[in-house]
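**Q** Starting from these lines, generate the structure:
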Amino acid sequence: MDVAIIDYYANHGTSFLHKAKALWKIMFSALVIASIILTNEFYMLAGIYIALVTIAIWTKLPVSRIITIAAYPAIFALIFAFLVWNGSWVKVGVVVLKALAAALTMVLLIVTTPYPDVFNVLRPFLPRVIAEGLLVTYRSVFILLELTDELMKGLKVRGGLTRRKYLRNIKNFSSGIGLLLVKGFDYSEKFYGMMNIRGYGERIAAKDTKMSINRNDLLAILIGLLIFAIVITTVIDKRFLEFSIYIVACSILALVASAIYKQFVS
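**A** Below is the predicted model:
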């Protein structure tokens, strides 16, 4: 996962979601995640996922890349779904769609919001050391993933990972993990030294979180409230589930219209 690409998307986008404040985007994400948790209906989850793909089109970012990034959890969800499979393919679809929709929600948040802004919103609700630790950890995770990717490529190029040599592969990979651990400590010391040079005094400077709301914030929160309201209505009164297929149809129409509009505009 390329951190630079994610940072570029978050800082240089021009869509309404980029212009909305982090606080309201987090509330939008929370409402969508709550909706995904509350419903176990296949058509409702399909409608939510299609709606999120439509929003991804509105962000004016490469939709295929965003969907690909958000698709990784579906692999583990699919494995889990088959482990608990009771003969119903709909149940499998529900589990996979929950993972896809939740992941896409969070990906939309991180590709439209600079990560310091996200942590600035969380800062008032967490102890300072935890908030700053999360901020640094977020960055470190992607650095370690990149190092792991380089390790795997290096082992393959040098013949350290070969087919049907399982014991040898495990031994080489274990040695590589040891080297990765040493590199991790080295990067940690360099990072701390760099922070000290730049004036770190046991506190990371942060901007004040603004509570004002503009039309972009309002649009983001209204979409989240609409999705949540539809889901909570079907949870309270099951009779409304009869209309869930129409919700999917409306989502598909919105998706197609957005795709056509983007094609003509671009």
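**Q** what number of residues lie near G87?
**A** Neighbours of G87 under the rule other C-beta atoms under 10 Å: 6. (Glycine included, C-beta is placed from N, CA and C.)
**Q** Just the pLDDT for it.
**A** We have a pLDDT of 74 for G87.
**Q** do the same with the one 3 residues further on
**A** Reported pLDDT at V90 in the predicted model: 81.
**Q** In space, what's closest to it - neighbours in sequence excluded?
**A** Leaving aside its sequence neighbours, V90 sits nearest to F42 (C-beta to C-beta, 6 or more residues apart in numbering; 5.2 Å).
**Q** What are the boundaries of the helices in the stretch 151-266 of the chain?
**A** 166-197, 215-236, 244-265 (DSSP state H, counting those that start in this stretch).
**Q** who touches the second one?
**A** Put plainly, it is helix 215-236. 16-17, 19-21, 23-25, 27-32, 34-35, 38-39, 41, 44, 48, 51, 55, 213, 240-241, 244, 247 (C-beta atoms under 8 Å, 6 or more residues apart in numbering).
**Q** ok and it relative to helix 244-265, angle-wise?
**A** 160 degrees (axes from the mean of the first three to the mean of the last three C-alpha atoms, to 10 degrees).
**Q** Okay, buried residues for helix 215-236 please.
**A** 216-217, 219-221, 223-224, 227-228, 230-231, 234-235 (16 or more other C-beta atoms under 10 Å).
**Q** Give me the distance from that helix to the chain's centre.
**A** For helix 215-236, the separation from the chain centroid amounts to 19 Å (computed by C-alpha atoms, centre = their mean, to the nearest Å).
**Q** For L31, list the residues it contacts.
**A** Counted by C-beta under 8 Å, 6+ apart, L31 has contacts I221, G224, L225, I227, F228.
**Q** pLDDT score for it?
**A** 96.
**Q** Let me see the contact set for L161.
**A** When contacts are counted by C-beta under 8 Å, 6+ apart, L161 touches M152, L155, N169, N172, F173.
**Q** In terms of helices and strands, where is I57?
**A** Assigned by DSSP states H and E, I57 belongs to helix 42-58.
**Q** packing partners for that helix?
**A** Counting contacts by 3 or more C-beta pairs under 8 Å, 6 or more residues apart in numbering; DSSP states H and E, helix 42-58 packs against helix 16-19, helix 22-38, helix 63-83, helix 89-112, helix 215-236, helix 244-265.
**Q** wait, which of these is closest to V118?
**A** Ranking those by proximity to V118 (C-beta to C-beta) places helix 22-38 first, at 5.6 Å.
**Q** got the buried residues of helix 215-236 as TSV, with distance to R163 and pLDDT columns?
**A** Shown next, in TSV, are these (distance: C-beta to C-beta, whole Å; pLDDT from 0 to 100):
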residue	distance to R163	pLDDT
N216	52	92
D217	54	92
L219	52	93
A220	49	93
I221	52	94
I223	49	94
G224	48	94
I227	47	94
F228	49	96
I230	50	93
V231	47	93
T234	50	90
V235	50	89
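**Q** Identify, from these, the entry nearest to I6.
**A** A220 (19.2 Å).
**Q** quick one: the closest one and W24, what's the gap?
**A** Going from A220 to W24 by C-beta to C-beta, to the nearest Å gives 5 Å.
**Q** Many thanks, have a good one.
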